[in-house]
Every structure is written in C-alpha cells, then in structure tokens.
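Asker: Give the three-dimensional model of this entry:
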Amino acid sequence: MDGKREKVPIKIQDTSFRDGHQSVLATRMRTEDIIPIAEKMDEVGFWAMEVWGGATFDAMHRFLGEDPFERLMTLKKHIRRTPFSMLLRGQNLLGYRHYADDVVRLFVDKTCEAGMDIFRVFDALNDFRNIEVAVQRVKANGKHFEGAVLLTLSERRLGGEVFTLEYYVQKGKELQDMGADTICFKDMGGIMNPFDIGMLIRALKKELRVPIHFHAHYTSGMASMAYLEAVRSGVDIIDTCLAPFALRTSQPAVEPIVAALQGTEWDTGLDLGLLLELGNYLESIAPKYRDYFAEHRMSVIDTGVLAHQVPGGMVSNLISQLKEAKALNRLPEVYKEISITRKELGMPPLATPTSQIVGVQAVLNVLFGRYKMVTNEVKDLVYGLYGRTPVPVDPEIRKKVLKGYKRGETPITGRPADYLEPELEEARKKIGNLAKDDYDLLIFALYPTTGERFLKWKYGFEEKPPEIRPKTLDDIRKEDEAMAAALERLCSAQ
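Answerer: Predicted structure coming up:
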C-alpha cells in the first residue's frame, strides 16, 4: 500500500438483527436471543445497526407473538451508542399496500419516539413521490434520512434502454435534492456485476455530495466481490452481518471483510476477535432455529439468478405457488415469462411488493394463458396506484388489464396516496378499547386481521397457540433424544 494515500476507513452497518435473520431464518429470531449480545454488539463500533423494518414487524406480531415496538424500545436500553437503522417501504410502510398519509405520519412519529435513528426509505418503483410524506416526518423529527435506490437490470450487465448509469445517477440526485443525509444503492437480488458497481460508485462520487452506502445480497455469490470494487471506488458505507447469518440470500459476512481490509487505507478498525466471539454466540443458539435452515440444496449460492435475475424470496414464492397447482415442472417456463410480463408491466424493479405482483401474474399467464386471469394487484399497478413505472405499461396490456376495472380504464398520473382517504379514525373505531395506545393502533392499522389477533394475545383475551411458544435448547435436546430413541427401536426391529 502507498503510505502517502489518505486513510478512508470504510464504515460498516450490521444487519444481523434484521436483514441477516430475515434472509436465512425467515425473520424468526426472538428478542430473548438478541438481548444477551446486544451490549457487546454496541461495543463493536458499527456505523449503525439495522434492527427493525422490512419483514420484522410482520413476522414478530404474526409468528412470534411479540410486540414490534416493544422490541425497539427494549433494544434501545441495551444499545446506547450505536445508531439504530430500519428499512421503510415509503408509502407501503412495513405492509404490502399503500397506506393513507395520516397512517404514514403517525407511524414515522411513533417509530422515532420508540428509538429509531436512521430511516432507509425506498419505493418499489423508484418513484420518490411515494416517499415524500415519510421523509417529511423523518426530517421533522430530526432523524437521519437515508434515501435508497433499488438496483435492477433489464439485461445481464448495467445498461440497455432503462437501467443505465445515467438512470441511477439521476435517481441519486433526486434523493439528494430531497435532503438525504446518505444515499443507499440497494442490490436486493444480488445480481449486480462487481465492475459495474465500481463504475457506478465512481460516477456517483463525482456527482453527489452526500455519503454513498452500498447494500447487496449474496444470492448469486457476487456480493463480496462487488463490495471490494465499491470500496476501491470510494464507497463510504457497506452492509454486512455476522457470519452465521451471512451468505446465501443474506449479506456478505463482516469477518472476512474486516480481515481483507486490515492494514489498507480502508481498514475498518473493527475488532475481529470480538466479532468472532459474537458469531460463536449465534452458533450456540442456532439449534433453536434449525427448522428454518435451508436444506434443499448443497450450494450456498443460486447460480440460476445470474440468468433469470429473480431474487431468492421471489423464487420460494414461485415454487410454493407451482407446487400448490401441481405444476412445479413448469418453473422454467415461469422464469421466461417473468421477463416478458415485467417488460409489459413497465419494468418494475423486483422488490416487495412488485416482485410478488409480477411473479404471481407470470405464474397465472403460464398456467391459464396470458392475462386470462389478472390479479387485483396487477390492475392497481397498471392503473397507477403503486406509482410511476420506470417505462410506460404496454398499451395493449393496459387496455386488456383495465377492461371493466372498478376504478376506471384511464390510469391516474398523480401521487398515488393523493387518491387515498384518511384511515386512522376509522381504524380507531374498529379496534376500539383493544388498542391501548397509538402503538397498538398502528399494529392494527397496518395488519387489521393479524394485528387484532395479536392484540388479543397481548392483553390476554385469547391464548397464544402452541406454535407461537419459543423453543428452548432443552426442547431441542429432548427432540434429539426422542429421535435417537426412535431410530434405535427401528434398528432393533430390523
């Protein structure tokens, strides 16, 4: 290394408590297993820790029987120095549809009150009209607004008619003009070529004043290479997680990144020994979550994504749908159909919820004929209720999809939330005294059915079902002993 070069330590955001376990354990990590290492995680020196958002809100109240806001407030008592970060889907918040502005405002305000510091805000179509209200409340509360751009491709490498270098630089400028404190470029599918990432980061550093954050998933096996190219090209912050939660469809592991950069001008300064100790703890509790480990394939990467570009979570949804239809053998047809359907529907990035919208329609097109059956979500997308697609929807498809549509056959062009009526007062009336405060109200407003059921569990009106009860290591030991005994009896009988 040239000793005269200025030291520019790379900042690390840890995703272990959110995207890490969301990606490899279906978001099932419980608060009781986070607390024992929370204070040591606070000692590491991460730029921030992503601890909330994404699917955590849904999975916690629905499958774990935990209050999402209580987790946030509890963690804040143990982690006092490291800022908290969350992933927010703009007008979608943490649900799967656009919510009215009054819900968005209250949600951001109460999340700030509960302890959130950094809001990574994105829109599934990169239509930043859909993040305006959330951003206004983040800034009004004096919190850090990290604007996010979803990285997607229309072909194998960066370029083509839509997703060009110029497209992404322009999106970065739009977020900077909105007052972003940092800007994240988010490769949710893990499909970006490392050299394209290097080129993109260099272009962004020339055009933008604010720090650049890069986030990638390891799905294809390219993310660690992309991180090194990003570092060499001047990126400021990258996302990693502890090794037990890393790789597969998660982020690169922090430990090898720290080791690789040690002694360079980008040296993170993080203590590798402490990181290894924290990873050992996660390994010690791993048996409790073994039901969620991916065991269906030997490879830790999905080389298929290099061809079809379908994110890991979307693949599992497609397989589930085809299994239900007893048509799993038609998966290759669906992969081909996705690229066609996506183009016809305006080239939306394949992220929640647009990945599900495109994927389900592609399955229906293969099974029943093209657009013979059309989901309500596709109708809403074509009508404009999700925002402006990167390119216009194919006119013939638009005509076919919107024929007889209840809202009309001429798409809207304004900000989608301007067409939504306020929701909070109606939600207050419906939930009544079951909601004791605004936190409870928001759980119900975002998820009316499962949210109401959770509140009944929370306040003792209904008993939690057995599957909600957390497993202990003693439970695992008993399961193993029972299995061993059963195997012994089987062998004896033979």
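Asker: Give me the mean pLDDT for the helix or strand residue 274 falls within.
Answerer: Residue 274 is located in helix 272-285, with elements delineated by DSSP states H and E. The average pLDDT within helix 272-285 is 96.
Asker: got it, and stretch 200-212?
Answerer: So the average pLDDT for stretch 200-212 ends up being 98.
Asker: Where do the helices of the stretch 351-494 of the chain begin and end?
Answerer: 354-368, 376-383, 395-402, 424-431, 438-446, 448-458, 473-493 (DSSP state H, counting those that start in this stretch).
Asker: Contacts for the helix or strand hosting residue 323 next, please.
Answerer: Using DSSP H and E, residue 323 sits in helix 312-324. Here helix 312-324 makes contact (CB atoms under 8 Å, 6 or more residues apart in numbering) with 23, 189-190, 217, 219, 248-249, 302, 304-305, 310, 328, 330-331, 334, 350, 352, 355-356, 359-360, 362-363. All C-beta spots, glycine's among them, are computed from the backbone N, C-alpha and C.
Asker: can you list the domain ranges for this protein.
Answerer: Domain ranges of the chain: 11-292, 310-419, 424-463, per automatic domain parsing.
Asker: could you measure residue 266 against residue 222, distance?
Answerer: As judged by CB to CB, to the nearest Å, residue 266 and residue 222 stand 19 Å apart.
Asker: Can you pick out the residue with more neighbours from these two?
Answerer: Taking other CB atoms under 10 Å, residue 266 and residue 222 do not tie; residue 222 has more neighbours (23 against 20).
Asker: show me where pLDDT drops low in the protein?
Answerer: For the chain, applying pLDDT under 70 flags the ranges 1-5, 294-296, 312-313, 316, 476, 479-490, 492-494.
Asker: please redo it, this time with the cut-off set to 50
Answerer: Residues of the chain that meet the criterion pLDDT under 50 lie in 1-2.
Asker: how about residue 178, what does it touch?
Answerer: Contacts of residue 178 (CB under 8 Å, 6+ apart): 128, 131-132, 135, 145, 147.
Asker: Residue 148 versus the residue nearest to the spatial centre of the chain, what's the distance?
Answerer: Nearest to the geometric centre of the chain sits residue 54, at 4.5 Å (CA atoms, centre = their mean). From residue 54 across to residue 148, the span is 12 Å (CB to CB).
Asker: Which neighbours do the two have in common?
Answerer: residue 87.
Asker: if we can go back for a sec, out of the contacts of residue 178, which one sits closest to residue 155?
Answerer: Using CB to CB, residue 128 comes nearest to residue 155 of these, at 24.6 Å.
Asker: correct me, but the closest one touches residue 176?
Answerer: No. Residue 128 is beyond contact range of residue 176, at 11.1 Å (criterion: CB atoms under 8 Å).
Asker: re earlier: tell me the spacing between the residue nearest to the centre of the chain and residue 444.
Answerer: Residue 54 is 20 Å from residue 444, by CB to CB.
Asker: What of residue 28?
Answerer: 23 Å.
Asker: In terms of neighbours, single out the busier of the two.
Answerer: The residue with more neighbours, out of residue 28 and residue 444, is residue 444; 23 against 18, by other CB under 10 Å.
Asker: From the contacts of helix 312-324, list just the buried residues.
Answerer: 23, 189-190, 217, 219, 248-249, 302, 304-305, 310, 331, 334, 350, 352, 355-356, 359-360, 362-363 (16 or more other CB atoms under 10 Å).
Asker: in the stretch 101-250 of the chain, which spans are helices?
Answerer: Using DSSP H, counting those that start in this stretch, helices in the stretch 101-250 of the chain cover 101-114, 132-140, 165-177, 194-207, 223-233.
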